[in-house]
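> can't give you the sequence, but here's the structure:
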């Protein structure tokens with residue numbers, strides 16, 4: 001999958017800037033949205049994009065926004081992120097997207113009229129057809145919609161939400177296609193966030209079509225864990241705030257620069273024979289994770305994902321880790337002093353190792 005920033009695609013060939021080289025895209029089918037989480041509803045849209053692209057011999061493309069619009073308008077009140085940009089890129093590529101266009105959501109972009117945005121789609125991005133949600137709006141003050149784009153001359157397919165009982169209904173036409181909806185409730189990023197926040201991993205995973213995970217590099221933290229005999233890997237979240245909070249069982253693999261799992265990528269770094277505890281998937285190690293604000297440390301709004309690997313001694317700094325969440329133990333707790341914190345962590349690790357033993 002090729003990734004482009006919108007500025008690169010709409011710059012004039014005669015621009016005086018030496019930093020931006022204009023790119024001309026091949027004709028494509030495009031869908032547009034945040035695609036946060038790339039859940040089953042999103043996957044249904046991507047499947048429709050691929051089908052139209054195959055039928056019409058076009059490329060399959062997606063446009064997303066960075067930051068997401070609500071993060072631009074009110075960062076402190078924006079919804080938690082399910083997926084950062086890198087995670088979206090990996091998932092969209094996995095689901096068959098050939099071209100990803102990242103639109104920088106800023107004052108200039110949000111000021112575009114519906115006509116100007118349609119011009120960009122047709123004349124600069126070479127869009128021949130679109131697959132959109134039935135509530136899609138665009139342009140300054142959200143004045144554009146699917147009907148506007150049809151009037152402009154673009155083919156638009158809208159996907160509507162239905163219940164499980166009529167997901168396979170054939171009474172659709174070329175402009176309206178049913179999407180997936182489990183238990184008669186709309187699949188949405190909001191539902192996934194709510195389920196993760198409640199610690200209901202099983203239900204969230206059902207809507208995602210996969211296990212929820214976070215990917216990030218290991219960066220230096222404040223190293224408090226080392227002082228209480230529970231060293232942790234501090235994972236760079238790359239988002240304003242995460243979607244889940246609390247104490248979890250996780251299994252973790254190391255990824256190479258292409259996002260592929262490195263065979264035994266963590267155990268090969270172990271020293272003194274302390275190779276860790278095997279995870280529940282190949283090449284992984286089991287870990288206990290705290291994700292949240294660490295109330296016992298009083299770091300304010302400093303969101304962290306910290307993973308402790310029992311029985312592992314290794315230098316993990318700089319690694320890119322894929323952390324899969326397996327089991328929710330409890331929410332974050334405030335402990336009254338370092339000794340109480342140490343005892344609480346010790347009990348959490350013991351409880352999660354006991355849970356692991358029951359899964360084998």
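That came in fine, so what should we check first? The shown structure was predicted, so the numbers you read here are calculated from the model rather than taken from an experiment. Numbering: from 1, shown residues only.

> CA atoms for contacts and neighbours, from now on please.
OK.

> what mean pLDDT does stretch 133-148 get?
What stretch 133-148 shows for mean pLDDT is 89.

> quick check: buried residues in that stretch?
Buried positions in stretch 133-148, judged by neighbour count with 16 or more other C-alpha atoms under 10 Å: 133, 137, 138, 139, 140, 144, 145, 146, 148.

> stretch 310-328 now?
310, 312-314, 316, 319-328.

> stretch 272-287 now?
275, 276, 277, 278, 279, 280, 283, 284, 285, 286, 287.

> which non-adjacent residue is nearest residue 243?
With sequence-adjacent residues excluded and distances taken as C-alpha to C-alpha, 6 or more residues apart in numbering, residue 243 is closest to residue 80, at 4.9 Å.

> so that neighbour makes contact with residue 237?
No. Under the criterion of C-alpha atoms under 8 Å, residue 80 makes no contact with residue 237, lying 11.4 Å away.

> give me the phi and psi for the most centrally placed residue in the chain.
Nearest to the mean C-alpha position of the chain, by C-alpha atoms, centre = their mean, lies residue 83 at 1.8 Å. The phi and psi values for residue 83, taken as degrees, to the nearest 10, are phi -140, psi 130.

> and it, how far from residue 213?
With the distance defined as C-alpha to C-alpha, to the nearest Å, residue 83 ends up 9 Å from residue 213.

> same thing with residue 243?
11 Å.

> which of those two has more neighbours?
Between residue 243 and residue 213, counted using other C-alpha atoms under 10 Å, the more crowded position is residue 243 (21 against 17).

> now do the same contact list for that one.
Listed by C-alpha atoms under 8 Å, 6 or more residues apart in numbering, the contact partners of residue 243 are 80, 81, 82, 193, 196, 197.

> filter these to the buried ones?
Taking 16+ other C-alpha under 10 Å as the criterion, what is buried in the contacts of residue 243 is 80, 81, 82, 193, 196, 197.

> stretch 83-90: which residues count as buried?
Neighbour counts over stretch 83-90 (16+ other C-alpha under 10 Å) mark 83, 84, 85, 87, 88, 89 as buried.

> correct me, but the first one touches residue 66?
Looking back up the chat, that one is residue 83. No. Between residue 83 and residue 66 there is no contact under C-alpha under 8 Å: 11.7 Å.

> quick one: low-confidence ranges for the protein?
For the chain, applying pLDDT under 70 flags the ranges 12-22, 161-184, 223-228, 296, 298-300.

> pull the longest helix from it.
Longest helix of the chain, by residue count under DSSP state H: helix 338-359.

> give me the element residue 70 is part of.
Using DSSP states H and E, residue 70 sits within helix 69-73.

> contact partners of the helix or strand following that helix?
Counting by DSSP H and E, the next helix or strand C-terminal to helix 69-73 is helix 85-94. Outside helix 85-94, the residues that touch it by C-alpha under 8 Å, 6+ apart are 1, 35, 36, 37, 38, 66, 100, 214, 215, 259.

> tell me which residues touch the fifth one, please.
What it means is residue 38. 88, 91, 92, 208.
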